[in-house]
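1. Below is the sequence, then the predicted model.
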Amino acid sequence: MLSDILLTSSFSYVIHNVSAHSFIILIINSFATFQRLLTTIIENVVILQTEKKQQTMKDNQQERFPIVDEEGTVIGQATRGECHSGTKLLHPVVHLHVFDAQGRLYLQKRPEWKDIQPGKWDTAVGGHIDYGETREEALHREVREELGITDFTPVFMGKYVFESQREKELVYVHRTTYIGTIQPSQDELDGGRFWSLEEIREAIGKGILTPNFESEFQRFFLTAGE
């Protein structure tokens, strides 16, 4: 009789613990499934937000630029769309190369929605001079908008004509050394970072950098022995 009681008690104990163990496993599996589902939902939301941003964040094709001769004298005006459609209307832009105290060069990552060279690494700051705007005004505006920098001293290095299949630019090149905080625009850029000059040399010709930057880097910095 006692053995029967003990056997029954042991059996009930095993059944009870097995059921509890199974219940715990069920809860864990359900939680893992929920986590995977939640992760999938978040990933889809991010993808949709990115696609929506790429659809809405596009360059203003009606923005007006000055048309200049190779000396920089304004001889007319045209829209961004006209300047970037293969007409080869010469229009001015400003560039700023930002170095840190270690001699590294900051490059920005162009967003995918850009109409020129999307997704590539480029000069720290580059932007068009708007019609009616001076070179100095454009430079400070672009640096503030793209990197959040207001206290810098630009050094003018020269100008040159850059031509691609889609456009023709008169590029005004500047450099500066900056040791403060850089805050790349979340609307205009896909981030940025400092590169060593050796890193840049190794990336040239591999489709990582914009052709404009590669040409400019070699023109102004490699020949200067930096």
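-> Thanks, I have it.
2. what about residue 87, how many neighbours?
-> 15 (other Cβ atoms under 10 Å). For glycine as for every other residue, the C-beta is placed from the backbone atoms N, C-alpha and C.
3. Which residue, other than its chain neighbours, is closest to it?
-> In space, and not counting its chain neighbours, residue 87 is closest to residue 78: 7.6 Å by Cβ to Cβ, 6 or more residues apart in numbering.
4. now the strands for the chain?
-> Remark: strands assigned in the chain by DSSP state E are 64-68, 74-79, 90-99, 105-109, 121-123, 125-128, 155-163, 168-177, 192-195.
5. was I right about residue 122 contacting residue 210?
-> Yes - between residue 122 and residue 210 there is a contact at 4.6 Å, judged by Cβ atoms under 8 Å.
6. which residues do those two both contact?
-> Any residue near both residue 122 and residue 210 by Cβ atoms under 8 Å, 6 or more residues apart in numbering counts here, and that gives residue 110.
7. which non-adjacent residue is nearest the residue positioned nearest the centre of the chain?
-> Computing the C-alpha centroid of the chain and ranking residues by Cα atoms, centre = their mean puts residue 190 first, at 2.0 Å. Counting by Cβ to Cβ, 6+ apart, residue 109 is the residue found nearest to residue 190 once chain neighbours are left out, at 4.1 Å.
8. Ok, residue 204 next?
-> In this structure, residue 204 finds its nearest non-sequential neighbour in residue 214, 5.2 Å apart by Cβ to Cβ, 6+ apart.
9. Near the residue nearest to residue 190, how many other residues are there?
-> Neighbour count for residue 109, taken as other Cβ under 10 Å: 15.
10. which strand residues sit across from it in the sheet?
-> On the basis of DSSP bridges, residue 109 is bridged to residue 121.
11. show me what contacts it?
-> Contacts of residue 109 were listed using Cβ under 8 Å, 6+ apart, and they are 119, 120, 121, 122, 189, 190, 191, 192.
12. swap the cut-off to 6 Å and go again
-> Residue 109 sits next to 121, 190, 191, 192 when contact means Cβ atoms under 6 Å, 6 or more residues apart in numbering.
13. What separation do you get for the last one and residue 123?
-> In this view, residue 192 and residue 123 are 10 Å apart by Cβ to Cβ, to the nearest Å.
14. Neighbour count for the two, which is higher?
-> Each of residue 192 and residue 123 has its neighbours counted (other Cβ under 10 Å); residue 123 has more, 25 against 22.
15. which residues of this protein fall in helices?
-> Secondary structure of the chain (DSSP state H): helices at 2-56, 80-83, 135-147, 197-203, 211-217.
16. Going by neighbour count, list what's buried in the last one.
-> Across helix 211-217, burial judged by 16 or more other Cβ atoms under 10 Å covers 212, 213, 214, 216, 217.
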